[in-house]
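Student: Sequence isn't available, so here's the structure alone:
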């Protein structure tokens, strides 16, 4: 779709990978803790669901703000030829609280033996993006890079809505703080999250490492006209 603009594709690849990296690293282990404590009966479904919902909104919102700042201050260093405009950044940033909400609430489904619905959420997450991207790109004639960003946001919102709908008979979505679960969840969850976050980032961080290597090359080799070509290599590498 961007065969004549590979440097734009490279910049978009860097941007659209960020919500998934942030969600993995900043999950705080509460998804794992939710399963552990619910299976042991230490906390109720209501306590877990309400606390994780609040964390997803507050902590996820803070991460979204951090992503916006990073897009203006850090990513331009990795992608100097790509303009990180609000049409890309805002929908991608808003994915973060949605992804956290889905992660936490779907873990509750696993804990209460709704395995079919738990897997259904993963299936929806896997198949939702491409049709929505094509809807924006072909149906609404939005530019490819913007279609990718808005497709991510719409698919994230759809998956969150499906997750909450599947849980409608087990709980009422209401963000509230239950300090006892939050303390216990963080104390238990960070250890579990450390391994999973390292594993996940190991599968996703390569694009950024490649961008940093090319940034070092730019510092040594110089010419501005090579910047787009180097960022394009991020796109070619990601596609491969």
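Tutor: Received the coordinates, thanks. Here the structure is a predicted model, which means the values were calculated and not measured.

Student: contacts and neighbour counts: CA atoms only from here.
Tutor: OK.

Student: quick one: least confident helix or strand in this structure?
Tutor: Least confident helix or strand, the chain: helix 206-221 with a mean of 63, by mean pLDDT, DSSP states H and E.

Student: Low-confidence ranges, this protein, go.
Tutor: Along the chain, the parts satisfying pLDDT under 70 run over 1-4, 7, 75, 78-83, 200-201, 203, 211-231.

Student: Now do stretch 25-38: distance to the chain's middle.
Tutor: Centre-to-centre, stretch 25-38 and its host chain are 16 Å apart (CA atoms, centre = their mean, to the nearest Å).

Student: I would like the residues contacting it, please.
Tutor: Contacts to stretch 25-38, defined as CA atoms under 8 Å, 6 or more residues apart in numbering, come from residues 43-45, 48, 52, 100, 103-105, 107-108, 110-112, 185-186, 188-194, 197-198, 201.

Student: filter those to the buried ones?
Tutor: Taking 16 or more other CA atoms under 10 Å as the criterion, what is buried in the contacts of stretch 25-38 is 43, 45, 48, 52, 100, 103-105, 107-108, 110-111, 185-186, 188-190, 193-194, 197.

Student: Could I get the buried residue list for the longest helix seen in the chain?
Tutor: Among the segments of the chain that qualify as a helix by DSSP state H, the longest is helix 45-73. Buried residues in helix 45-73, defined by neighbour count with 16+ other CA under 10 Å: 45-57, 59-61, 63-65, 67-68, 71-72.

Student: on contacts alone, who are the packing partners of it?
Tutor: If contacts are counted by 3 or more CA pairs under 8 Å, 6 or more residues apart in numbering; DSSP states H and E, helix 45-73 sits against helix 6-25, helix 30-40, helix 86-111, helix 179-204.

Student: Now render those as JSON lines, adding distance to residue 210.
Tutor: Converted to JSON lines, the helices and strands packed on helix 45-73 look like this (distance: least, CA to CA, whole Å):
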{"stretch": "helix 6-25", "distance to residue 210": "10"}
{"stretch": "helix 30-40", "distance to residue 210": "31"}
{"stretch": "helix 86-111", "distance to residue 210": "21"}
{"stretch": "helix 179-204", "distance to residue 210": "11"}
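
Student: and of these, who's closest to residue 124?
Tutor: With CA to CA as the measure, helix 86-111 is the member of the helices and strands packed on helix 45-73 nearest residue 124 (11.6 Å).
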